[in-house]
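Q: predicted model and sequence below, questions to follow.
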There are 2 protein chains.
Amino acid sequence: MANDRPNQGQGIGLKAVADELGLSQSTVSRALRNHPSIPAATRERVAQAAKRMGYAPNARARGLAIGRTEAIGLVFPLERLRLVQTNFVDVLSGISDVVTERGYNLLLSPFRDDEASVLRRLATSRMVDGLIITRPLVHDPRIRLLADTGIPFVVHGRSDVDIPYSYVDVDNFEIFRRLAELLLDYGHTRIAALNSYRRFRYAAARAAGYRAAMDSRRQPVDPDLVLETAMTEEDGVACAARLLSLPEPPTAIICGSIFLAKGVYRAAAEAGLQIGRDLSVVAHDDQLRGISAADFVPALTATQLSVEMAGRRLAEILIDRIEGKLGDDPVGEVSRPDLILRESVGRR
Amino acid sequence: MANDRPNQGQGIGLKAVADELGLSQSTVSRALRNHPSIPAATRERVAQAAKRMGYAPNARARGLAIGRTEAIGLVFPLERLRLVQTNFVDVLSGISDVVTERGYNLLLSPFRDDEASVLRRLATSRMVDGLIITRPLVHDPRIRLLADTGIPFVVHGRSDVDIPYSYVDVDNFEIFRRLAELLLDYGHTRIAALNSYRRFRYAAARAAGYRAAMDSRRQPVDPDLVLETAMTEEDGVACAARLLSLPEPPTAIICGSIFLAKGVYRAAAEAGLQIGRDLSVVAHDDQLRGISAADFVPALTATQLSVEMAGRRLAEILIDRIEGKLGDDPVGEVSRPDLILRESVGRR
DNA sequence: TTGAAAGCGCTAACAA
DNA sequence: TTGTTAGCGCTTTCAA
């Protein structure tokens, strides 16, 4: 025997219900899942008995039989959960919503350093039906890894790899391009950019967008004004302080996140500069819960795009794919940001 | 046939490895799991082949065979993830840590309203080996529900039910008692308490602790000074404003959370009151990431106890229980808080 | 030390 | 409309 406690020691299984009613397991199984071949009368009897006896299907056995678990996985660095200033919880919130709506479960797999092995294990063990990965690098090895296992997956963001894959992304090039052009329109030329680390594809795209805007106006790009940093308030303070102490400081700053912008506001206040008059600030806003560009004083001009909505789309696409509701071709969605003009920008 | 793509369409299974080596499935299975009956030589050969062929065990099948999944579940209201001011993420972080260390997976099941059915489904479907539940009510029906299914579970907090269960809790009675006594020691008698909703066991315990302290000093409890509220900064502002506009306002306020305290600080500032001189404030501090009682101005006197550590213990106890490392008797752990004196309290 | 075979609880093809 | 039967991929007993 494989197990000394049949049926996990508890359960009323299909067998018990079938015996009780003098039916076969398969009839009971079909009745419970509303198979058309089962007449209403039988279906009713079975439903009654199942309920009375407290029958609950065993997900492990069902998963093995149908080849699906009805769960999707999300692998992420433990750190991101700990971070206070992160959009991770908002993405997760969007994913959770859809997962609930569609009757799936969400398997969270945190990792400390070796993401690849966690991903591989999850994918090949068929513990989940599909996976979501986030924050891809410019050339992200995870995509090939997952494609090779054959498991359905969706990427939050894009990566420059030569295999097709599904993704949900925002137009990061456009985000920084528009923010830079806005500032150029207002007469600024010494425009600083606080960007994330360029190994991440989204940051690389933003850097390119910034450069494109500057190039199109024949403005030189001063490398001292382009900083790579984490997206937190503290880093915003530090970067701004550094920029403002330059011999020829910027008159405007583009921030990759709203947290960064908050830090810049603080640094400006300390330096006695008034935002919108002495220093212009713009940012990209993920529309996170609990912090709003409109509530900044003065209100912050920003591109905006809900990252929670992105979470929703990620889960929707993944589940559709798992259920075969999408063709075999990968789908990609790129949202373009709205630019909301508020009071943090002034003429130079 | 049950499935038109045997082995999920991909996988190198035990069978393939066995055939390759001219061994039986069972030998390969045992070799891979270091069964003592397998000689080192064979074990080695098998390990090589498995690696070379890219064998990965199918978790669904394994789970079915051994009756375990090596995953634990956490059911929580979708809302809590969305909340900015919540200790949920910190608890989750502690749980994640341990889950990773022990090689388990964490299944997050968000729900919108019908928690009971989500719990029951998770428990009876044997999708996970054990469950953690949080924020129990004074009489929490979930405990009986889970106990009836027979699944191992641990509660973050206690509940007054007459069945044994495992829990990790803090001494909430003691927390409010000590905070109140401290204020009484400083000569305060009009002491307000901002507590959570008393249907939650922890809030009920805190209310009792407050009352016990007052009673022991023969101080009457003014119902106007005891407020039930959510634990956010906004609510802190609102409650404090209300208390300060009383005909006979309190001279000291006990806050159930550090967020609440933050709001009280704000309201005091608006009212032109100086914390520590015109108004004394104390709080309980869950030691959340990103907000520290020591950083308040003036620094906040508080009881403290790491809620992340509680998360760790919850997972440790649950997994030990699943693996049979604990006896059959439930275990309960109650931590007592440290009281850290800072500058937010003054003599009346 | 190894293999054959049964079984975990469920689904589904096929036959009746 | 229902039952029989053969899996899903793995573990484990039992026998060799």
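A: Yep, it's here. Note that the coordinates shown come from a computational prediction; the quantities given were computed from them, not determined experimentally.
Q: would you map the helices across the stretch 201-348 of chain A?
A: For the stretch 201-348 of chain A, the helices defined by DSSP state H, counting those that start in this stretch occupy A:201-216, A:233-244, A:258-270, A:307-322.
Q: make CSV out of these and add mean pLDDT, mean neighbour count and distance to residue B:93.
A: C-beta: built from backbone N, CA, C; applies to glycine. Below are the helices of the stretch 201-348 of chain A laid out as CSV (pLDDT from 0 to 100; neighbours: other C-beta atoms under 10 Å in any protein chain shown; distance: least, C-beta to C-beta, whole Å):
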stretch, mean pLDDT, mean neighbour count, distance to residue B:93
helix A:201-216, 98, 20, 25
helix A:233-244, 98, 20, 20
helix A:258-270, 98, 23, 19
helix A:307-322, 97, 22, 19
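Q: by mean pLDDT, which helix or strand of chain A comes out lowest?
A: helix A:78-82 (a mean of 86; mean pLDDT, DSSP states H and E).
Q: which residues touch stretch A:270-277?
A: Identification of contacts with stretch A:270-277 by C-beta atoms under 8 Å, 6 or more residues apart in numbering or on different chains yields A:241, A:244, A:265, A:268, A:279, A:281, A:298, A:343-346.
Q: out of these, which are close to chain B?
A: Counting by C-beta under 8 Å from any C-beta of the partner chain, the subset of the contacts of stretch A:270-277 that neighbours chain B is empty.
Q: for chain B, what's the nearest residue on the stretch 101-250 of chain A?
A: residue A:124 (3.4 Å; C-beta to the nearest C-beta).
Q: near chain B at all, the least confident helix or strand of chain A?
A: Yes: Helix A:78-82 comes into contact with chain B (C-beta under 8 Å from any C-beta), by way of A:78, A:81-82.
Q: got it, and stretch A:47-61?
A: Yes: contact of stretch A:47-61 with chain B (C-beta under 8 Å from any C-beta) involves A:54, A:56-61.
Q: if any of those residues are buried, put those into a ChimeraX selection.
A: Those of those that count as buried under 16 or more other C-beta atoms under 10 Å in any protein chain shown are selected in ChimeraX with:
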select /A:56,57,58,59,60,61
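Q: okay, the residues of stretch A:47-61 next to chain B in CSV with secondary structure and pLDDT next?
A: Output for the residues of stretch A:47-61 next to chain B, formatted as CSV (DSSP: H, G, I helix; E, B strand; the rest coil; pLDDT from 0 to 100):
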residue, secondary structure, pLDDT
A:54, coil, 90
A:56, coil, 91
A:57, coil, 92
A:58, coil, 94
A:59, helix, 93
A:60, helix, 92
A:61, helix, 94
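Q: grab the nearest non-local neighbour of residue A:341.
A: residue A:301 (5.4 Å; C-beta to C-beta, 6 or more residues apart in numbering or on different chains).
Q: which residues touch the residue of the stretch 101-250 of chain A closest to chain B?
A: Residue A:124 neighbours (C-beta under 8 Å, 6+ apart): A:149, A:151, B:10-11, B:54, B:56.
Q: near DNA strand D, which of the residues you listed show up?
A: Applying C-beta under 7 Å from any atom of the strand to those, one finds that B:11, B:56 fall near DNA strand D.
Q: may I ask which two of the contacts of residue A:124 are separated the most?
A: A:151 and B:54 (13.8 Å; C-beta to C-beta).
Q: is residue A:123 in contact with residue A:130, as I believe?
A: No: in this structure, residue A:123 is not within contact of residue A:130 by C-beta atoms under 8 Å, at 9.2 Å.
Q: joint contacts of the two?
A: Common neighbours of residue A:123 and residue A:130 (C-beta under 8 Å, 6+ apart) are A:151, A:153.
Q: the residue nearest to residue A:341 pairs with what?
A: Applying DSSP bridges to residue A:301 gives these bridge partners: residue A:282.
Q: that older thread, so which of the contacts of residue A:124 comes closest to DNA strand C?
A: Set against DNA strand C, the nearest of these by C-beta to the nearest atom of the strand is residue B:11 (16.2 Å).
Q: that's a strand at that closest one, yeah?
A: No: using DSSP: H, G, I helix; E, B strand; the rest coil, the assignment for residue B:11 is coil, not a strand.
Q: residue of the stretch 201-348 of chain A nearest chain B, please.
A: Closest point on the stretch 201-348 of chain A to chain B, by C-beta to the nearest C-beta, is residue A:290, at 3.2 Å.
Q: for that residue, which non-adjacent residue is spatially closest?
A: In space, and not counting its chain neighbours, residue A:290 is closest to residue B:84: 3.2 Å by C-beta to C-beta, 6+ apart.
Q: ok, that neighbour touching residue A:90?
A: No: when contacts are counted by C-beta under 8 Å, residue B:84 is not listed as touching residue A:90 (10.1 Å).
Q: now do the shared contacts for these two.
A: Residues touching both residue B:84 and residue A:90 by C-beta under 8 Å, 6+ apart: residue A:289.
Q: quick one: which of those two has more around it?
A: Taking other C-beta atoms under 10 Å in any protein chain shown, residue B:84 and residue A:90 do not tie; residue A:90 has more neighbours (22 against 14).
Q: after whichever strand or helix holds that one, which helix or strand is next?
A: Secondary-structure assignment from DSSP states H and E places residue A:90 in helix A:88-101. As assigned by DSSP H and E, the chain's next helix or strand after helix A:88-101 is strand A:105-111.
Q: now the angle from that next one to helix A:88-101?
A: Orientation note: strand A:105-111 sits at an angle of 150 degrees relative to helix A:88-101 (axes from the mean of the first three to the mean of the last three C-alpha atoms, to 10 degrees).
Q: as a whole number, average confidence for strand A:105-111?
A: Strand A:105-111 shows a mean pLDDT of 92 in the predicted model.
Q: now the angle between helix A:307-322 and it, please.
A: 110 degrees.
Q: and strand A:105-111, which strands flank it?
A: Applying DSSP bridges, strand A:105-111 is found paired with strand A:71-77 (parallel), strand B:105-111 (antiparallel).
Q: using PDB, list the CA coordinates for the helix or strand following the last one.
A: Okay, so that is strand B:105-111. Downstream of strand B:105-111, the next assigned helix or strand under DSSP H and E is helix B:115-124. Presented in PDB, the C-alpha positions along helix B:115-124 are these (Å, rounded to 0.1, in the frame of the first residue of the first chain):
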ATOM      1  CA  GLU B 115     -13.900  33.500   4.200                       C
ATOM      2  CA  ALA B 116     -15.500  30.400   5.700                       C
ATOM      3  CA  SER B 117     -16.000  28.800   2.300                       C
ATOM      4  CA  VAL B 118     -12.600  29.600   1.100                       C
ATOM      5  CA  LEU B 119     -11.100  28.100   4.300                       C
ATOM      6  CA  ARG B 120     -13.200  25.000   4.100                       C
ATOM      7  CA  ARG B 121     -12.400  24.400   0.500                       C
ATOM      8  CA  LEU B 122      -8.700  24.800   1.100                       C
ATOM      9  CA  ALA B 123      -8.800  22.600   4.100                       C
ATOM     10  CA  THR B 124     -10.900  19.800   2.700                       C
END
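Q: after helix B:115-124, which helix or strand is next? Please name it.
A: Past helix B:115-124, the next helix or strand by DSSP H and E is strand B:130-134.
Q: packing partners of that next one?
A: Applying 3 or more C-beta pairs under 8 Å, 6 or more residues apart in numbering or on different chains; DSSP states H and E, one finds that strand B:130-134 makes contact with strand B:71-77, helix B:88-101, helix B:115-124, helix B:141-149, strand B:153-156, helix B:307-322.
Q: please redo it, this time with the cut-off set to 7 Å
A: Packing partners of strand B:130-134 (3 or more C-beta pairs under 7 Å, 6 or more residues apart in numbering or on different chains; DSSP states H and E): strand B:71-77, strand B:153-156, helix B:307-322.
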